[in-house]
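Trainee: pasting the sequence and the predicted model now:
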Amino acid sequence: MTLNSPNNTLISVLGATASGKTSLAIQLANWLNAPIVSADSRQFYREMSIGTAVPSSDELAQAAHYLIQHKSIQDTYTVGDYAKEALTLLDQLFAENPVVILVGGSGLYIQALTQGLDEFPEVAPEHKTYVEALWKDRGIEALQKLLRELDPEYAKTVDLQNPMRLIRALSVCLSCKQPYSHFLGKAKPARNFKNIALGIEGPRTWLHQRINLRVDQMVASGLFQEAASLYEHRDLNALKTVGYTEVFAYMNGLISEAQAIEDIKTNTRRYAKRQGTWFRRQPDIHWVTEVEPQLQAISALQGLGITPA
């Protein structure tokens, strides 16, 4: 099949968790006969299915999917590793497909793939250890305070509720004795594809209802049992994420089961808000609403000259 558009076109389907990205990506993949590549950092790990809302077997059967559950929680897999693997995969897919669908809500991973990563000097292990200990002993507020002191510019733009992002930035600041923001915004290699970004958005009440329903469905599908099977690995970075940390807190006797469920919903809503903030800061996203997003997305793509032959 040929397209009435330039070769090597990546269509990125973006949005907050539970906004309907998977469904829209599959609909567009079928419309354009295109494969789907995941950019959801929670869905890379094969041991985590229920708590990460991995597409169902029926959904996976509707289109070719890549980079889903292809890693183990035991593996070290950074955003740089993902970008390198995904770029190699895209070269292979574009050899047979003029268009590929990218779907996910992990903004940094999408940015790394479509725009490239900033390069940083090596971090001294002792500085990373110090920052991690600071987080463990004094909480995320201590990281936020230190970052505002060492790099006030980056503190204005980073997700201050993301401890991994803060640890990374502070480790660089301490190791290099320069602000983390000093290394941002440098020239990056050009990509061999055109990227078109489609974002899904809707009223807050609509998204919150979808999040609450998804969490209830996860619990009914065995989220607590899945988390219990992973309990011994709870200190791995892959499991320090919403949906698992709350269940581990319940298993440790810190909160009730009902409170764990409510905390998952609350923390997922907060995560969705941070995702929305990230994507709204990005330029050139074609936004569609929750009302018939497929028709709006197809109309936007047709307006850009992309239609099945």
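Mentor: Happy to help now that I have it. Numbering: from 1, shown residues only.
Trainee: and stretch 290-305, how far out from the chain's middle?
Mentor: Mean C-alpha position of stretch 290-305 versus that of the full chain (C-alpha atoms, centre = their mean, to the nearest Å) differs by 23 Å.
Trainee: for the residue nearest the centre of the chain, what are its contacts?
Mentor: In the chain, the centroid-proximal residue (C-alpha atoms, centre = their mean) is residue 106; its distance is 1.6 Å. Residues in contact with residue 106, defined by C-beta atoms under 8 Å, 6 or more residues apart in numbering, are 39, 40, 41, 42. C-beta: built from backbone N, CA, C; applies to glycine.
Trainee: ok, for it, nearest residue in space, not its chain neighbours?
Mentor: Here the nearest residue to residue 106 in space, its sequence neighbours aside, is residue 41; by C-beta to C-beta, 6 or more residues apart in numbering that works out to 4.1 Å.
Trainee: and residue 124, by the same measure?
Mentor: Setting aside the residues directly before and after it, residue 124 is nearest to residue 175 in space (C-beta to C-beta, 6+ apart), at 4.4 Å.
Trainee: likewise residue 55?
Mentor: Residue 55 sits nearest to residue 22 (C-beta to C-beta, 6+ apart), 5.3 Å away.
Trainee: same for the helix or strand where that neighbour lies, what does it pack against?
Mentor: Using DSSP states H and E, residue 22 sits in helix 21-32. For helix 21-32, the helices and strands in contact under the criterion 3 or more C-beta pairs under 8 Å, 6 or more residues apart in numbering; DSSP states H and E are strand 9-15, strand 36-38, helix 57-61, strand 99-103, strand 194-201, helix 293-303.
Trainee: nearest to residue 246, out of these?
Mentor: strand 9-15 (23.0 Å; C-beta to C-beta).
Trainee: how much space separates the residue nearest to the centre of the chain from residue 179?
Mentor: 25 Å (C-beta to C-beta, to the nearest Å).
Trainee: for the residue nearest to the centre of the chain, give me the pLDDT.
Mentor: The score at residue 106 is 93. That number is its pLDDT.
Trainee: ok, residue 2 next?
Mentor: 38.
Trainee: could you list the buried residues of the longest helix along the chain?
Mentor: In the chain, with assignment by DSSP state H, the single longest helix is helix 257-280. Applying a neighbour-count criterion of 16 or more other C-beta atoms under 10 Å, one finds 260-261, 263-265, 267-269, 271-272, 274-276, 278-279 buried in helix 257-280.
Trainee: also stretch 143-153?
Mentor: For stretch 143-153, the neighbour count (16+ other C-beta under 10 Å) marks 143, 144, 146, 147, 150, 151 as buried.
Trainee: can you tell me the SS state at residue 85?
Mentor: helix (DSSP: H, G, I helix; E, B strand; the rest coil).
Trainee: hmm, the residue nearest to residue 124 is touching residue 122, no?
Mentor: Yes: counting by C-beta atoms under 8 Å, residue 175 touches residue 122, with 7.3 Å between them.
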